[in-house]
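Asks: Sequence first, then the predicted structure, then my questions.
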Amino acid sequence: MLSHPSRRTVRGAFVATAAVVAAALPTAPATAQPSAADALAKYNELSEKASKLNQDHLKAQDDLKAKQGELDKAKGDLAVAQKAEESLRGQVDVLTEATYSGARFNQISALLVSDSQQDFLNRMSAINILAADNAEALKNLTDAVNAADAATKSANDATEASKKLLGEVEQKKADLDKQLKEAKAQYDSLSASTRNALKNAGDMSNISVPPGTAGKAVQFALDQRGEPYVYGSNGPDSWDCSSLIQKAYAFAGVSIGRTSYAQAAAGRSVSRGEVKAGDIIVYYSSQSHVALAIDNVRAVHASTEGVPVKIADINSIGPISAIRRVEG
């Protein structure tokens, strides 16, 4: 008789077969944990996007301020035009009333009531003067009415444009807040050692600067080393990239725009090989970040939140979009 295999033998065969099948199947890769370098790269990417949104928000605020200035001027022009129209209407009303009360004469009535040739000439002269006055008053009134209409349209247009820009400012602020939240979450995910490295203020040594306007601007920026980066901040104890550059040049007596976009058009263009102290280095195709050259190799800049104002190699900060020389 054939013997039946024992349960232990069957179970052993099943296990062996399962092992062979498992070995033949592709193994699912384990979920890879992001490296410190990857996490930092992601943080830098999110920070760059936040920096652009910050500059967009600042530009929208500048645009709104300019449009509100136009609106204020339009309202002022309208008030002047309305006052002129009111005054001229009074003048025309006086002349019209004089006409209806008999103070106006035509040539025939002047001839009929004149006592002499000289009296006739005097009456005709008065008639001509009154007619000229009336014509001029009517023309001035027409001009004033047209000016008031134009000023009204300008004021209405400026009002609508301001409302639209205000909506854009609010939307860009909402976009910025969302992006900042993502960047903050990514920053918090970094290792303690990476965060400490980002917080390091770097070279804090005394650095000689050239005389003149550019040197004053550079010295101001260097004096801010170690101070924190805060989106939208204008100093004096925290900065974003463009406010640091603007205030540095203001300290040197030169007025430049608030945003990186405005600073990318300041002064004149110079090449990378020509870079010297005081030149504004504009980064990324979006032109959303700026730094101030210390010399041909180094620049000082407010980098991003979590990183203080510090010195960095010009080429290491990011892809250069433009270089502008404000003075010299």
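Replies: That came through fine. Numbers count the residues shown, from 1 in each chain.
Asks: Quick check: which ranges of the chain have low pLDDT?
Replies: 1-36, 84-85, 88-138, 140-141, 145 (pLDDT under 70).
Asks: how about the helices in it?
Replies: 7-24, 36-100, 107-113, 117-189, 192-199, 213-223, 241-251, 260-263 (DSSP state H).
Asks: Which strands or helices does the second one pack on?
Replies: Packed against helix 36-100 by the contact rule (3 or more C-beta pairs under 8 Å, 6 or more residues apart in numbering; DSSP states H and E) you find helix 117-189, helix 192-199, helix 241-251, helix 260-263. The C-beta positions use only the backbone N, C-alpha and C, and glycine is treated the same way.
Asks: I'd like those helices laid out as JSON lines, including distance to residue 64 and mean neighbour count.
Replies: Formatted as JSON lines, the helices and strands packed on helix 36-100 follow (distance: least, C-beta to C-beta, whole Å; neighbours: other C-beta atoms under 10 Å):
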{"stretch": "helix 117-189", "distance to residue 64": "4", "mean neighbour count": "15"}
{"stretch": "helix 192-199", "distance to residue 64": "34", "mean neighbour count": "13"}
{"stretch": "helix 241-251", "distance to residue 64": "17", "mean neighbour count": "24"}
{"stretch": "helix 260-263", "distance to residue 64": "15", "mean neighbour count": "23"}
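Asks: and of the ones you listed, who's closest to residue 74?
Replies: helix 117-189 (3.9 Å; C-beta to C-beta).
Asks: How many neighbouring residues does the closest residue in space to residue 267 that isn't next to it in sequence have?
Replies: With sequence-adjacent residues excluded and distances taken as C-beta to C-beta, 6 or more residues apart in numbering, residue 267 is closest to residue 326, at 4.0 Å. Neighbours of residue 326 under the rule other C-beta atoms under 10 Å: 21.
Asks: separation between residue 326 and residue 265?
Replies: Distance of residue 326 to residue 265, given as C-beta to C-beta, to the nearest Å: 11 Å.
Asks: returning to that earlier point: quick one: contacts for the residue nearest to residue 267?
Replies: 213-214, 217, 249, 254, 256, 266-267, 278-280 (C-beta atoms under 8 Å, 6 or more residues apart in numbering).
Asks: Can you tell me how far it is from residue 176?
Replies: Relative to residue 176, and taking C-beta to C-beta, residue 326 is found at 27 Å.
Asks: Same question for residue 162.
Replies: Counting by C-beta to C-beta - residue 162 and residue 176 are separated by 21 Å.
Asks: State the phi and psi torsions of residue 202.
Replies: Here is the backbone geometry of residue 202 (degrees, to the nearest 10): phi 70, psi -150.
Asks: do you know how far it is from residue 42?
Replies: Distance from residue 202 to residue 42, by C-beta to C-beta: 22 Å.
Asks: ok, now residue 326?
Replies: Residue 326 is 35 Å from residue 42, by C-beta to C-beta.
Asks: Could you do residue 253 as well?
Replies: From residue 253 to residue 42 the distance is 41 Å (C-beta to C-beta).
Asks: Those two: which is more packed in?
Replies: Neighbour tally, residue 253 and residue 42, criterion other C-beta under 10 Å: the higher count belongs to residue 42, 16 against 10.
Asks: Wait, the more buried one touches residue 186, no?
Replies: Yes - counting by C-beta atoms under 8 Å, residue 186 is a contact partner of residue 42 at 5.6 Å.
Asks: What residues does residue 296 make contact with?
Replies: Contacts of residue 296 (C-beta under 8 Å, 6+ apart): 273, 275-276, 314.
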